[in-house]
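Student: got a predicted model here, sequence first, then my questions.
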Protein chains: 2
Amino acid sequence: MPETLQERVARLIRDSLGEPGAALPSEAELVERYGASRNTVRAALAALEAEGLITSSQGRTRRVRQISRWEWKMAEWEKAHNNDGDAWANTIKAQGGTPKNDLQILSIQAPADVAEVLQIPAGTAIQARNRLRWVNDEPHQLSDSYFPPFVTDGNDLFWNPSDLGVPGGLLAATGHKQVRWHDTLTARMPSAEESQRLMMAPGTPLLVHTRVGYDAEGRPVRYMVTRMAADRVEVSYDLNTDD
Amino acid sequence: MPETLQERVARLIRDSLGEPGAALPSEAELVERYGASRNTVRAALAALEAEGLITSSQGRTRRVRQISRWEWKMAEWEKAHNNDGDAWANTIKAQGGTPKNDLQILSIQAPADVAEVLQIPAGTAIQARNRLRWVNDEPHQLSDSYFPPFVTDGNDLFWNPSDLGVPGGLLAATGHKQVRWHDTLTARMPSAEESQRLMMAPGTPLLVHTRVGYDAEGRPVRYMVTRMAADRVEVSYDLNTDD
DNA sequence: CTGTTTGGCTTGTTGGAACAAGTTGCTTGA
DNA sequence: TCAAGCAACTTGTTCCAACAAGCCAAACAG
């Protein structure tokens, strides 16, 4: 299985990449240097872009991509409910960033996957809290929370659009304190819509975090799905044998 | 900012995708259907492949991609050291899979990133245990562990290539029991080498998990880096307020 | 009936050409 | 001096053409 020309060119360019931020030679120069057609050179460059190694945009020379991530501490996140506001915002501030928050409260019919997690019939009217979080005016993550009816019914607090921080605080305040969580983490490529909403560069995967919170009776009281641009965030957990 | 032809074709094809496993029309048919050139149609199909939505290989018709993931329970993983063997293998078996394990024990000079985590000078001779894990004869993850010298020196157990399960058991057996862990999770696109070793389909990100284990004195005793094909695995954590 | 061959399908690779459109810096005119 | 505008660069889009190579099933030979 011999190496194709575009693979060869991609490998040679990859090995010649400089420091993050450095400019690449122009397509014309690469065509001359490697004796391949522009199509072939562009296929090689597209491969490097899909690997997340370089950036490109019309009219500007390609550059070696630079990434730096913000840490999101997942184990601690909801442990302290009653302190000031949003623990995520505090984490970002502690790292020197400027957090921002867009919150939208909706009433929706539960989709099949949400209904299954919350153990309710599909189509039940539930509350969704859709959050878009920013860091330094850069969109960072889409975080959607869903609550079963028995939690939100008759609780005006839940329909108050004022930002009370993470849902954990809300749940504790309304008598449905979470005592157990189940988190999952996966990654996939973003859809066109996700890519646009999060202003993601090509070759950037989406890191998907889900959290199901349970109350003392073992009932699911919240389902949260968070989609993040993987080049801008690092999720972390601190574990102990005896905590 | 008008939609380009290849974006339009990509959108139309995306919206017409059927069930997972279903065949797509051939390139020639798409050329005729959308009135675009073969290059344009191929650009649209390449975009869908990069999104992880379809599969393709030479000579075979393209199909809607199908994915199913194995769960990896991270919080429980090392809690029970002294039971039978590898907790990862047990997790996979419990889900109906057939696990397999390739272990390679090396002595290496600590790279800068590893040295920093283990709090030793870069270049120090340390032990690396490189593991390749399989599920149903499909490569699943590359898991590399690094140990500082004070843990491995004079412990023949560590140089015995017999598979003693997760390193947690080894550490406990040699008097360096871990009591605290710090985990991080990120995602990125795989390098060509990683893509080949894990036999990853195009458009599949890499899920990268790191774990640093600390002993009772607070010293790092292990650094583990695990790279997984994100379409074949889901990492999970179970958390409690009072455990 | 069985095993091989082959032809026609599929996608993959590489070349070429022309024009569109964004960026940048230099030149020129007010 | 300063701003507008132009020229020369960059990458983006779209076509066409030819051949390579993998896959599969039907036809064929033994």
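Tutor: Looks like it arrived, so ask away.
Student: mind jotting down where the helices sit in chain A?
Tutor: A:5-15, A:27-34, A:38-50, A:87-94, A:112-118, A:149-152, A:156-159, A:167-173, A:192-197 (DSSP state H).
Student: tell me what the residue lying closest to A:A22 once chain neighbours are set aside is bridged to.
Tutor: Nearest residue to A:A22 in three dimensions, chain neighbours excluded: A:V64, at 4.9 Å (Cβ to Cβ, 6 or more residues apart in numbering or on different chains). Glycine gets a C-beta too; all of them are placed from N, C-alpha and C. Taking DSSP bridges as the rule, A:V64 bridges to A:I54.
Student: again, but for A:Q141
Tutor: Note on A:Q141: beta-bridge partners by DSSP bridges are A:R133, A:M228.
Student: hmm, A:A230 and it touching each other?
Tutor: No. Using Cβ atoms under 8 Å, A:Q141 is not in contact with A:A230, being 10.5 Å away.
Student: those two - which one has more neighbours?
Tutor: Taking neighbours as other Cβ atoms under 10 Å in any protein chain shown, A:Q141 and A:A230 compare with A:A230 leading, 30 against 22.
Student: rewinding a little: export the helices of chain A to JSON lines and tack on mean neighbour count and mean pLDDT?
Tutor: JSON lines is the format used below for those (neighbours: other Cβ atoms under 10 Å in any protein chain shown; pLDDT from 0 to 100):
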{"stretch": "helix A:5-15", "mean neighbour count": "17", "mean pLDDT": "96"}
{"stretch": "helix A:27-34", "mean neighbour count": "15", "mean pLDDT": "96"}
{"stretch": "helix A:38-50", "mean neighbour count": "19", "mean pLDDT": "96"}
{"stretch": "helix A:87-94", "mean neighbour count": "18", "mean pLDDT": "85"}
{"stretch": "helix A:112-118", "mean neighbour count": "16", "mean pLDDT": "96"}
{"stretch": "helix A:149-152", "mean neighbour count": "17", "mean pLDDT": "87"}
{"stretch": "helix A:156-159", "mean neighbour count": "12", "mean pLDDT": "66"}
{"stretch": "helix A:167-173", "mean neighbour count": "20", "mean pLDDT": "66"}
{"stretch": "helix A:192-197", "mean neighbour count": "13", "mean pLDDT": "90"}
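Student: let's have these in a markdown table, adding distance to DNA strand D.
Tutor: Below are these laid out as a markdown table (distance: least, Cβ to the nearest atom of the strand, whole Å):
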| stretch | distance to DNA strand D |
| --- | --- |
| helix A:5-15 | 11 |
| helix A:27-34 | 4 |
| helix A:38-50 | 6 |
| helix A:87-94 | 31 |
| helix A:112-118 | 33 |
| helix A:149-152 | 44 |
| helix A:156-159 | 43 |
| helix A:167-173 | 40 |
| helix A:192-197 | 13 |
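Student: quick one, which of the ones you listed is nearest to B:A87?
Tutor: Closest approach to B:A87 among those (Cβ to Cβ): helix A:112-118, 25.5 Å.
Student: chain B: which of the helices of chain A is closest?
Tutor: helix A:38-50 (5.8 Å; Cβ to the nearest Cβ).
Student: list, one by one, the residues from chain A near DNA strand C.
Tutor: Taking Cβ under 7 Å from any atom of the strand as the contact definition, chain A meets DNA strand C at A:4-7, A:35-40, A:43, A:57-60.
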